[in-house]
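Asker: just need the structure, nothing else, for what follows:
(2 chains)
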Number of protein chains: 2
Amino acid sequence: MSINDMPYKIYLEENELPTSWYNVRADMKNKPAPLIHPGTLEPLKFEDMQPIFCDELIKQELDDNTREIKIPDEVLNFYKMYRPSPLTHAVFLERALNTPAHIFYKFEGNNTSGSHKLNSAIAQAYYAKKQGLKGVTTETGAGQWGTALAMACAFFGLDCKVFMVKVSYEQKPFRREVMRTYGADVTPSPSMNTEIGKKINAEHPGTTGSLGCAISEAVEVALKSEGYRYVLGSVLNQVLLHQSVIGLETSAACKKYNIKPDVIIGCAGGGSNLGGLIAPFMGEKLRGEADYKFIAVEPASCPSFTRGKFAYDFCDTGKVCPMAKMYTLGHDFIPSANHAGGLRYHGMSSVLSQLYHDGLMEARSVEQTKVFEAAEQFARTEGILPAPESSHAIRVAIDEALKCKETGEEKTIILGLTGTGYFDMTAYEQFNNGTMSDYIPTDSDLAKGFATIPNINK
Amino acid sequence: MSINDMPYKIYLEENELPTSWYNVRADMKNKPAPLIHPGTLEPLKFEDMQPIFCDELIKQELDDNTREIKIPDEVLNFYKMYRPSPLTHAVFLERALNTPAHIFYKFEGNNTSGSHKLNSAIAQAYYAKKQGLKGVTTETGAGQWGTALAMACAFFGLDCKVFMVKVSYEQKPFRREVMRTYGADVTPSPSMNTEIGKKINAEHPGTTGSLGCAISEAVEVALKSEGYRYVLGSVLNQVLLHQSVIGLETSAACKKYNIKPDVIIGCAGGGSNLGGLIAPFMGEKLRGEADYKFIAVEPASCPSFTRGKFAYDFCDTGKVCPMAKMYTLGHDFIPSANHAGGLRYHGMSSVLSQLYHDGLMEARSVEQTKVFEAAEQFARTEGILPAPESSHAIRVAIDEALKCKETGEEKTIILGLTGTGYFDMTAYEQFNNGTMSDYIPTDSDLAKGFATIPNINK
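Answerer: Numbering: from 1, shown residues only, chains lettered A, B, ... in the order given. Alright, predicted model coming up:
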């Protein structure tokens, strides 16, 4: 079938959907470095993680060798509610750009959580339920992960305690109410329900909270409550494993319609969407079966890959979590206040960090006004209002397509569209009003963050 | 194929999609009564409507006889961006209800406007562009129609002026910014840009506006601006025609998988979704080819069908629009302030009114706390947070399914899920907090509205 005869949106049939997740670590020659204990600096073992994480998820976290891991039937069942996600041929965008390039996007926003986060939330909730737990705890910033987890817990009848950064709790009441509609218990963080929350409130009266603090509160509650564990929506190996469903569907659709991608582009915050999207394609590259160009796109104001250090660092500001080897700006790094476009995490998935370090993928940083220009063009041509995060990938896809216009190359580009921007209209408002500005940290700005990276060589 | 073997979500192939709209009026023995001029009481002719509406849309408005009207290629092209919408088998809801009934829902919320409104917006924008107009004007309350129209106008490069009820403009800044991102000019109504706006602002200083006033402003601007026309998102015959795409897809999916609906349920405000959903099925019933039970669901606090009068009345509070024969509560009727669930229009599509009057469909009214209970159950089982409007249909579908549980009947129920509730979280918050209350107008409450219905018999 020629590219012009194929449907605008490709929906796989149910019997064409993946039934196993793909673990890219199995094909990596250089495995990602293990999580280590900040006190002993020893790799974390199963028993070390058991008080915090669900047993089956720890196994997945530690498993660098099993290539395919069966998706449980109960999870497959839930996936049917909102998967397959469409792989869409961006014909209207191509026309607007007048490019010979072919652009496809894998859209993960057609579910109530509004993003790909649900793919891992339902898996994590399932394993928690299977272990006989009462509930899970987590943190959420903007609310996408919290919403996804609330939906997943409602489905399995599991209790869900979400610590939501106070400023978001107050400024994003819609997200909060979606979670509550799904039965989640949403607490503004820092709260007075935990020791760490009380301490932070006492030290910083009136603080509006941070993700680092919310993580600490969620972990504390999980450790202290009988039958609870803590769950996390990005960065971890297990999350990338679950998110491989995105790439597997994309790959199946490409094979079905004989689409041969040259470039695969995704935004990178903690790396869960990008890692999932590229997984099977990266597997082919690692096994020498095919070659692809992978581009991770990050904000210029939070440039973990393009300007960070590859080193062991804490995963959270509060230093309650273990240390991971990753590209990091230092666990104290916080992007400038004018940064509205998401992807504000200081570090990066260890899997993606290793792949980048080994030269198997590229990275680019983009400024947010350029990102919102791309978002607006995409919204007006393709009819989907993209999340600011996703729009980083759109920016680079458009740039690549415009290069093709100059060179006349008919490249095929696939981009990961992680979600919708419905809950990010404050950022769009800044852009619409012309009050959005850019920020590129200076070397001395970055040096302050780097100074907080622990001095460890592993 | 048995009902248990079919896919959970049915997506038609591109070549199975409708290429014509279906005009149910062609099969109605008793045609809907024509719009009349409030001064002369004569039926409106083409020329009477020309200053306000686009030519081609007037033709569609007046055409009671052409059964199939071809969907222009440019509109079909746009439909490809977000259609077909899925017809989903609500297996998880069925399981939760433990009912022998089969429930399907046609979900129109998977597009950035978040509702079915886009189906007519793109058609109306197309005809305006084809006529060589510069732009269109409209009003919007909650913002769904305004958003849909902004998207459609962006696609065709048409100017779009939206008068947004001031209270929504201020309380729903997200909706406003989505429209602005699509390039629409959004003005809070009443504004100081129109005569009627100035008058209302002078008479009621500090007023937060009403839909009636916003309509008047939009019509005034269309009449005074060279190359502009006014467009409307519901009630009109033309809108029901465009929305028939919903029913045609549903009907095609039913035929493909041998689904034989017994009951078809939709919410009814102005009637655009319900009219579109049932159109081809009603056609079969009118031609004696099949029988279906149709149920229109409306809020108990705004019971146009179940307690209204079938009479000529003004379509708008400000009396700038023509009069239509319809089920009406009187053009001055405004639902109680505690009503948060949408569907607050005092009247109803003339087509649906005639069908109801002729006994071809039923109507039911439901109280809003019961509606939100159904919404919550649907969200938790089916993974979609429904719009309050859609949840009226869910309520009655659940009631019907529970009746089947008692009787053991294996009925097949189809319901129209018009959209998502992302922008209605204030209402959900009331429900989550237990502060939502119900209101059923007394007969004397209704009598006040009825007193404003003009004393005309046609």
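
Asker: so what's A:Lys134 up against?
Answerer: For A:Lys134, the contact set (CB atoms under 8 Å, 6 or more residues apart in numbering or on different chains) comprises A:158-159, A:225-228. Using the backbone N, CA and C atoms, a C-beta is placed for each residue, glycine as well.

Asker: and stretch A:301-318, what's buried?
Answerer: A:301-305, A:307-318 (16 or more other CB atoms under 10 Å in any protein chain shown).

Asker: next one: stretch A:369-380
Answerer: Those would be A:370-380, for stretch A:369-380 by 16+ other CB under 10 Å.

Asker: now flag whichever of those is closest to chain B.
Answerer: Minimum distance to chain B across those is 4.3 Å, recorded for A:Arg380 (CB to the nearest CB).

Asker: from the chain's centre, how far out does the host helix or strand of that closest one sit?
Answerer: When elements are assigned from DSSP states H and E, A:Arg380 belongs to helix A:368-382. Chain-centre distance of helix A:368-382: 20 Å, with CA atoms, centre = their mean, to the nearest Å.

Asker: try stretch A:353-370
Answerer: That offset, for stretch A:353-370, works out to 14 Å (CA atoms, centre = their mean).

Asker: and stretch A:181-191, by the same measure?
Answerer: Distance, centroid of stretch A:181-191 to centroid of chain: 21 Å (CA atoms, centre = their mean).

Asker: any buried residues in it, and which?
Answerer: So for stretch A:181-191, counting by 16+ other CB under 10 Å, buried means A:181-184, A:186-191.

Asker: and stretch A:8-27, by the same measure?
Answerer: A:8-12, A:17-18, A:21-27.

Asker: measure the residue in the stretch 201-350 of chain A that chain B sits nearest to to A:Glu139 for me?
Answerer: In the stretch 201-350 of chain A, the residue that lies nearest chain B is A:Ala340 (12.5 Å; CB to the nearest CB). Distance, A:Ala340 to A:Glu139, by CB to CB, to the nearest Å: 20 Å.

Asker: between these two, tell me which one has more neighbours.
Answerer: Neighbour count, other CB atoms under 10 Å in any protein chain shown: between A:Ala340 and A:Glu139, A:Glu139 has more, with 28 against 22.

Asker: quick check: the more buried one vs A:Ser113, distance?
Answerer: Relative to A:Ser113, and taking CB to CB, A:Glu139 is found at 16 Å.

Asker: elements contacting the host helix or strand of A:Gly247?
Answerer: Remark: A:Gly247 resides in helix A:237-256, with elements defined by DSSP H and E. Where contact means 3 or more CB pairs under 8 Å, 6 or more residues apart in numbering or on different chains; DSSP states H and E, helix A:237-256 is packed against strand A:20-22, helix A:55-62, strand A:87-89, strand A:102-107, helix A:118-130, helix A:272-286, helix A:350-357, strand A:412-417.

Asker: tell me the buried residues in that helix?
Answerer: So helix A:237-256, judged by 16+ other CB under 10 Å, has buried residues A:237-254.

Asker: against B:Glu429, how distant is A:Met179?
Answerer: The value you get for A:Met179 to B:Glu429, if CB to CB is used, is 11 Å.

Asker: ok, now A:Leu223?
Answerer: Distance from A:Leu223 to B:Glu429, by CB to CB: 31 Å.

Asker: kindly report the same for A:Leu211.
Answerer: Following CB to CB, the distance that separates A:Leu211 from B:Glu429 is 24 Å.

Asker: pick out the residue closest to the middle of chain A.
Answerer: A:Ser272 (3.4 Å; CA atoms, centre = their mean).

Asker: distance from the chain centre to stretch A:98-106, please.
Answerer: Using CA atoms, centre = their mean, the offset of stretch A:98-106 from its chain centre is 23 Å.

Asker: in it, what counts as buried?
Answerer: A:99, A:101-106.

Asker: so, in contact with chain B or not, it?
Answerer: No - using CB under 8 Å from any CB of the partner chain, stretch A:98-106 never reaches chain B; the gap is at least 11.9 Å.

Asker: now do the end-to-end distance for that stretch.
Answerer: With CA to CA, to the nearest Å applied, stretch A:98-106 spans 21 Å between its terminal residues.

Asker: now that stretch: mean pLDDT?
Answerer: Averaged across stretch A:98-106, the pLDDT comes to 98.

Asker: okay, buried residues for the helix-or-strand element of chain A with minimal mean pLDDT please.
Answerer: Least confident helix or strand of chain A, by mean pLDDT, DSSP states H and E, is helix A:166-171 with a mean of 87. By 16+ other CB under 10 Å, the buried positions in helix A:166-171 come out as A:166, A:168-169.

Asker: over to stretch A:387-403?
Answerer: Neighbour count says stretch A:387-403 has A:387-401 buried, by 16+ other CB under 10 Å.

Asker: what's the spacing between that stretch and its chain's center?
Answerer: The mean C-alpha position of stretch A:387-403 is separated from the chain mean by 17 Å, CA atoms, centre = their mean.

Asker: anything in it near chain B?
Answerer: No - applying CB under 8 Å from any CB, one finds stretch A:387-403 out of contact with chain B, separated by at least 11.4 Å.
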